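A.B. asks: Sequence and predicted structure, then a few things I'm wondering about:
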Amino acid sequence: MAKKREKMSFGEWMRARRKAAGMTQVQLSAATGIVQCRLSGYETGDVPLLTTACRIATALGADLGEYQRIQERVVAEESE
């Protein structure tokens, strides 16, 4: 039986994108103007405002559409 895939939280997506970009939280903080402790909070479960999430995604060379597509893929797999 196939293991059910969990949806990825924004923080998990953010951490994965940040690491793939070779950035530390400090570097992402400098790129976004968001303090490092707040970024850490987002990676561990806090939910940013939409405008903040957009700033983070842009600094990571992505857009929130990428995150949304990941969520839609998981939902589609669950319904198969």
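C.D. replies: It's in.
A.B. asks: who touches Phe10 in this structure?
C.D. replies: Tyr42, Val47, Pro48, Ala53, Tyr67 (Cβ atoms under 8 Å, 6 or more residues apart in numbering). Any C-beta I mention is one placed from the backbone N, CA and C, and that applies to glycine too.
A.B. asks: Output these as a markdown table; include the columns secondary structure.
C.D. replies: Putting these into a markdown table (DSSP: H, G, I helix; E, B strand; the rest coil) gives the following:
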| residue | secondary structure |
| --- | --- |
| Tyr42 | helix |
| Val47 | coil |
| Pro48 | coil |
| Ala53 | helix |
| Tyr67 | helix |
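A.B. asks: buried subset of these?
C.D. replies: The neighbour-count test (16 or more other Cβ atoms under 10 Å) applied to the contacts of Phe10 identifies Tyr42, Pro48, Ala53, Tyr67 as buried.
A.B. asks: Tell me if I'm right that the third one and Glu66 touch.
C.D. replies: No - with contact taken as Cβ atoms under 8 Å, Ala53 and Glu66 are classed as non-touching, separated by 11.6 Å.
A.B. asks: So, low pLDDT: which residues of this structure?
C.D. replies: Scanning the chain for pLDDT under 70 picks out 1-5, 74-80.
A.B. asks: Tell me where it has strands.
C.D. replies: Counting by DSSP state E, the chain has no strands at all.
A.B. asks: quick one, helices of it?
C.D. replies: 10-20, 25-32, 36-43, 50-59, 64-79 (DSSP state H).
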